[in-house]
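Visitor: Please work out how this folds:
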Amino acid sequence: MPAQAPRWRTALRGVLNSRALRTHIGTVAGVTILAVLLWRLGTGVFLDGLRRIDGPALLAALAIGVLTTVFSAWRWQLVARGLRIRLLLGEAVADYYRALFLNAALPGGVLGDVHRAVRHGQSSGDMGRGVRAVVLERVAGQIALAVVGGAVLLTMESPVLAEARHLAPAVGLAGLGALAVVVALRMNRTPSSRRGRVLRATLGEAREGLLSRRNWPGVALSSAVVLAGHLGMFVLAARIAGSDASVAELLPLAVLALLAMGLPLNVGGFGPREGVTAWAFAAMGLGAGAGLATAIVYGVLSFVASLPGAVVLVVRWYQGLRPANRYSPVSAEKYAPKDAARLSSKAFPFSAEPSEGRPMTPESV
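Guide: I've put the predicted structure just below:
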């Protein structure tokens, strides 16, 4: 007869296998990282960083946010055009601000982009292409971060420079091996394979959206400007937190922080970024406390930069509640039963009413 497992082990297994934990694992990880950092470094660093934020710093954050959001929305518009989806720049800016605010306000850091993708797909009348346009736009930003970040980490003094130099040959060989596998599969593919057709169609859309002759200059320029804005925000946060390190010292640390922010293990963006930044500052001899304060200030400035997205949410929610939208004295032919049912959904704060294949947005944005 097998021995019965201890109760604590059974209970722990039940907690780890619970659906609630799997759903909120990112939030739990982010809270755990922050708790450990505050336990080791104290809350004084956190409070001191917040006290240093003043009015000019908030205005600078808003200005950087306008720059990065407009260029991000332009990149999204270019990708959507490559996928033959209509998207006006003003509407893209409003939707992008809304997504940034939701990313900053909700756990996980990606729910705003998910909402943006679904709404764009609904408003364009092609859910698949709408979602893929958002995915490709985000991929373009990650590619820019990987290329520029890799160059910075391999050429400038950083905590990972020595390790990166040792790993570079292995990574290069692995890349060549992966390329050889792709070429071999391409040469031996079966034309009738459904999976192969789907893959070729996806790659074709990626090529049209990101690498076509008409799109790639704009995508590259916008990605470079957006990345420069994020790096500038990090340098500003370091200065506000009291760090006197040079820009050359801060750039590799900023790249590491941005890479950590890509992990979906955060609470409103806080979590891995603070842990990696504290470690990187300590490794560079700048102090873990200074790194934590810089990351905290950066998080606050990023949240402030996303606040226009809250205005977009409120405006659209108000537009959905206006009596004119519900009881407009127009003929019955204009509001057929199908349109009336569609209008009834506008009371939801996050709604974006489709109109002629594009989302409705305030003209002032």
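
Visitor: Just to check, Val152 is in contact with Glu249?
Guide: No. Applying CB atoms under 8 Å, one finds Val152 not in contact with Glu249, separated by 11.5 Å. (Each C-beta comes from the backbone N, C-alpha and C, glycine too.)

Visitor: okay, and the common contacts of these two?
Guide: Between them, Val152 and Glu249 share no contacting residue under CB atoms under 8 Å, 6 or more residues apart in numbering.

Visitor: Where does pLDDT dip in the protein?
Guide: Low-confidence segments of the chain (pLDDT under 70): 1-31, 34, 108, 162-199, 265-269, 322-365.

Visitor: hey, where'd the strands end up in it?
Guide: Applying DSSP state E to the chain gives strands spanning 354-355, 358-359.

Visitor: quick one: contacts for Ile240?
Guide: Here Ile240 is in contact with 49, 52-53, 57, 297, 301 (CB under 8 Å, 6+ apart).

Visitor: Need these in JSON lines (columns: neighbour count and distance to Arg200).
Guide: JSON lines is the format used below for these (neighbours: other CB atoms under 10 Å; distance: CB to CB, whole Å):
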{"residue": "Gly49", "neighbour count": "24", "distance to Arg200": "50"}
{"residue": "Arg52", "neighbour count": "16", "distance to Arg200": "53"}
{"residue": "Ile53", "neighbour count": "18", "distance to Arg200": "50"}
{"residue": "Ala57", "neighbour count": "18", "distance to Arg200": "49"}
{"residue": "Val297", "neighbour count": "27", "distance to Arg200": "46"}
{"residue": "Leu301", "neighbour count": "23", "distance to Arg200": "43"}
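
Visitor: Among these, which one lies nearest to Val131?
Guide: Nearest to Val131 among those: Leu301, at 30.0 Å, using CB to CB.

Visitor: how close does the nearest residue to the closest one once chain neighbours are set aside get to Arg239?
Guide: Using CB to CB, 6 or more residues apart in numbering and skipping the chain neighbours, the partner closest in space to Leu301 is Ala61 (3.8 Å). Applying CB to CB, to the nearest Å, the value for Ala61 to Arg239 is 12 Å.

Visitor: And those two? Which one has more around it.
Guide: Ala61 (25 against 17; other CB atoms under 10 Å).

Visitor: give the contact list for that one.
Guide: Counting by CB under 8 Å, 6+ apart, Ala61 has contacts 233, 236, 301-302, 304-305.
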